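In: sharing a model that was predicted from the sequence below.
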Amino acid sequence: MKTIAKSTVRKRSCKCEGKCKCGATWSYRLELGPDPKTGKRRQTEKHGFKSQKEAELAYAKAIVSVADGTYVSEKNVSFKEFAEQWIDIYAATGKVRNSTIDIRRARLKNLSAHFSEIPLKKITRKMYQDMLIELKNKEVGKKVKRKGYSKKTIESIHETAKLLFANAVDLEIIASDPTEKAQLPTFQKTVEELENENELPKYLEKEELARFLHEAKKGHPDDFVRYYLLAYTGLRIGEMVALKWRDIDLVNQTININKTLYEKDGVANPGLNPPKTISSKRVIDINKVLVTELKSLKARQNIFKMEHKKTYLDKDYVFAREDTLLGYPISRGSVHKRMTTLLKYAGLNTALSPHSMRHTHTSLMAEAGVSIEAIMERLGHKSDRVTKDIYLHVTKTRKKEAVQKLDELMNGL
């Protein structure tokens, strides 16, 4: 191991001869390289180490941080300044999805509203705990005012804060993490929430799905293929709108699910993410009806592209926009909005969403006698309570029907 120069790690203000008796501490001085704007030499010094070994270890860590660009030199760096540097480091790891990074950025804004210009090292555990309580109780919302953030949002803010402050401790900017031992505010469940706790998620029964798809056939030419695909494949809405023609094998009748779409800064700036989990990456079989519908969609799309070749941005999306931003993928919101309209026309529950089609798919597969393992593989799930609950509900009904038929048969003897 390379020896650290005495001039870099030293014991300041100690004039003791032999063993130190004055209580002086160790420090290190670190070269940060020239200032990118002025070209001037930059140094920083860290004090307060009890032993030479402790100072040398901290110095070695600091050198690594400088080398990989994660060192923050300001001694009194504010929360806002550190947050801006931290999110760049977090994003640069390449280990997190772009949509997750966007969520972290949004949560940093929530945190900055409380701590913006406060030096990071002056944020205490009490200050942090008070902030969590305020998040629950303060009035929020731009158009519709409501009391406090939801439990899920506060948990997300807390998770982001823990990551940030843990990194600040690692970089020795702060000595302790103010999020440690913090208590999330409790949320009392309403009577309605307790009553609905064990309720199955809503989905379309087989007859209701037939009515819905019949209504879809009367609308826009693309309506039927979109919602038939969701019901037949059980795709997540983000997976469906991310589909490209290269993902679909019309000859072998398969769809390769290998990405999901998220709307980074609205529909004008969509982004693609890898699948949600390892099991989400899958190839599923489709039927002749869907193949025929997709072929018709492709033919219509090719005609539209020829008619708008000067303004159409061809990115190979299966479900591409034809109103504005021609060629961009359709938004998840537009699929949901159109579904609500069609449900209304069909006289069905307008509270259902594109995600309800996954539950519908589960119920249809269970009714067809497909095993729970095969259903979960098709849906891209490793483990999912909701899928199992729907499966058990449907198969339980089938078992009762089987017993009733047996009763009828036995009574006729």
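Out: Okay, I see it.
In: for the most centrally placed residue in the chain, what are phi and psi?
Out: Against the mean C-alpha coordinate of the chain, by CA atoms, centre = their mean, the closest residue is residue 100 at 4.4 Å. Main-chain torsions, residue 100, degrees, to the nearest 10: phi -70, psi -40.
In: likewise residue 26?
Out: With angles defined as degrees, to the nearest 10, residue 26 shows backbone torsions of phi -90, psi 160.
In: is it bridged to anything, and to what?
Out: Each beta-bridge partner of residue 26 is listed here: residue 11, residue 49, as defined by DSSP bridges.
In: so that it lines up with my notes, have the first residue be 17 from now on.
Out: Done: numbering now begins at 17, and the last item shifts to residue 42.
In: can you pull the contacts of it?
Out: For residue 42, the contact set (CB atoms under 8 Å, 6 or more residues apart in numbering) comprises 25-28, 65-68, 70-71. Heads up, the C-betas are built off the backbone N, CA and C, glycines and all.
In: make it 6 Å
Out: 27, 65, 68, 71 (CB atoms under 6 Å, 6 or more residues apart in numbering).
In: same list (those) but as JSON lines, adding neighbour count, pLDDT and distance to residue 80.
Out: Compiled in JSON lines, these are given as follows (neighbours: other CB atoms under 10 Å; pLDDT from 0 to 100; distance: CB to CB, whole Å):
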{"residue": "27", "neighbour count": "17", "pLDDT": "81", "distance to residue 80": "23"}
{"residue": "65", "neighbour count": "19", "pLDDT": "83", "distance to residue 80": "17"}
{"residue": "68", "neighbour count": "15", "pLDDT": "86", "distance to residue 80": "19"}
{"residue": "71", "neighbour count": "23", "pLDDT": "87", "distance to residue 80": "15"}
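In: pLDDT score for residue 368?
Out: Reading off the per-residue confidence, residue 368 sits at a pLDDT of 94.
In: in the stretch 117-266 of the chain, which segments are predicted with low confidence?
Out: When residues are selected by pLDDT under 70, those of the stretch 117-266 of the chain lie in 155-162, 205-216.
In: just name the closest of the contacts of residue 42 to residue 362, please.
Out: Distance ranking of the contacts of residue 42 against residue 362, using CB to CB, places residue 65 first at 72.0 Å.
In: please tell me how far the closest one sits from residue 75.
Out: As defined by CB to CB, to the nearest Å, residue 65 lies at a distance of 9 Å from residue 75.
In: kindly report the same for residue 179.
Out: Counting by CB to CB, the gap between residue 179 and residue 75 amounts to 25 Å.
In: residue 66 now?
Out: Counting by CB to CB, the gap from residue 66 to residue 75 is 14 Å.
In: higher neighbour count, these two?
Out: Neighbour count, other CB atoms under 10 Å: between residue 66 and residue 75, residue 75 has more, with 20 against 10.
In: how about the more buried one: what's its closest non-neighbour residue?
Out: In this structure, residue 75 finds its nearest non-sequential neighbour in residue 44, 4.0 Å apart by CB to CB, 6 or more residues apart in numbering.
In: in a strand, that neighbour, correct?
Out: Yes - read with DSSP: H, G, I helix; E, B strand; the rest coil, residue 44 is one of the residues of a strand.
In: what about it, how many neighbours?
Out: Burial of residue 44 is recorded as 23 neighbouring residues (other CB under 10 Å).
In: tell me where the chain has helices.
Out: Here the chain has its helices, by DSSP state H, at 68-84, 95-108, 114-131, 141-153, 167-186, 207-211, 222-234, 239-249, 253-257, 304-323, 348-361, 372-383, 388-395, 401-427.
In: as CSV, the ones you listed with distance to residue 34 would be great.
Out: Converted to CSV, the helices of the chain look like this (distance: least, CB to CB, whole Å):
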stretch, distance to residue 34
helix 68-84, 15
helix 95-108, 42
helix 114-131, 47
helix 141-153, 42
helix 167-186, 36
helix 207-211, 71
helix 222-234, 88
helix 239-249, 79
helix 253-257, 69
helix 304-323, 86
helix 348-361, 73
helix 372-383, 75
helix 388-395, 72
helix 401-427, 68
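In: would you agree residue 391 is in contact with residue 383?
Out: No - the pair residue 391 and residue 383 fails to qualify as a contact (CB atoms under 6 Å) at a distance of 11.0 Å.
In: of the two, give the one with the bigger neighbour count.
Out: residue 391 (23 against 15).
In: before we move on, the earlier item: out of the helices of the chain, which comes closest to residue 298?
Out: From the helices of the chain, taking CB to CB, the stretch that ends up closest is helix 388-395, at 7.0 Å.
In: what does that closest one contact?
Out: With CB under 6 Å, 6+ apart as the criterion, helix 388-395 contacts 250, 300, 378, 381, 403, 407.
In: what is the mean pLDDT for it?
Out: If you average the per-residue pLDDT over helix 388-395, you get 88.
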